[in-house]
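requesting a structural model of the entry that follows:
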Amino acid sequence: MPDPLESRLLVEGWRAGNQDAARQLFERYVDRLVALARRRISPRLASRVDPEDVVQSVFRTFFGRLKEGQFHIEEQNDLCKLLMRITVHKALRQVEFHTAGKRDPGQEAPQGDLSQERLMGVLDREPAPEAVVAFVDELEHFLGQLGPQERQVVELRLQGLSNEEVAAQLGFSDRKVRRILEWVRGHFAIEE
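Numbering: from 1, shown residues only. Modelled structure (predicted):
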């Protein structure tokens, strides 16, 4: 358990502009907050909501508002309670967002044998030559709009490599590959 007095000193260090104090605060609480966020996110939503992303958002909010003087840490456990409250709030907001209306995973139709057979039937058909040419044109246009890093990542994923394989091949972290793919999806409004 982090020492509350030392945490308060680190908070003051961050307010004074010490980046190392922010790193130490992050390292002190990140594991506990990720575990808390993970408990608030159902297994059904786990593929949509990453607890680590929730915690990154928690620290962005915390450090930004702390620097602006919006938080006052006075009691020994105020910092821990504050970070936990922000984490729960942000995790529940993500759950609320992803369970609203058409995004609700409970509304997804289960995949059965009949739907599997129909899918295989569609996949077995060869596309018409015109469709292939149109697809290649669209793909080239799309790839031409990407920067070099984004293009490399997308091309390797299109070749069937996993995020981990792409990261290893390009010397990136897995997280960087995921963030690039998320940016591409968001920027071009690509649905999976």
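
next helix or strand past the helix or strand of the chain with the lowest mean pLDDT?
When the helices and strands of the chain are scored by mean pLDDT, DSSP states H and E, helix 113-124 comes last with a mean of 66. Following helix 113-124 in sequence order, the next helix or strand is helix 129-144 (DSSP states H and E).

immediately after that following helix, which helix or strand?
Helices and strands here follow DSSP H and E; after helix 129-144, the next one along the chain is helix 148-158.

how about that next one: buried residues?
Neighbour-count burial for helix 148-158, with 16 or more other C-beta atoms under 10 Å as criterion, is recorded at 150-154, 156-157. Placement of C-beta: from N, CA and C, glycine included.

burial count for Leu10?
22 (other C-beta atoms under 10 Å).

wait, it touches Arg23, no?
No: here Leu10 lies out of contact with Arg23, judged by C-beta atoms under 8 Å, at a distance of 9.4 Å.

of the buried residues of helix 148-158, closest to Ala16?
Each of the buried residues of helix 148-158 was scored against Ala16 by C-beta to C-beta, and Glu150 proved nearest at 37.8 Å.

what pLDDT does the residue positioned nearest the centre of the chain get?
When C-alpha atoms, centre = their mean is applied to the chain, the residue found nearest the centroid is Asp53 (4.6 Å). Per-residue confidence (pLDDT) for Asp53: 89.

equivalent analysis for Leu36, please.
For Leu36, the pLDDT comes out at 87.
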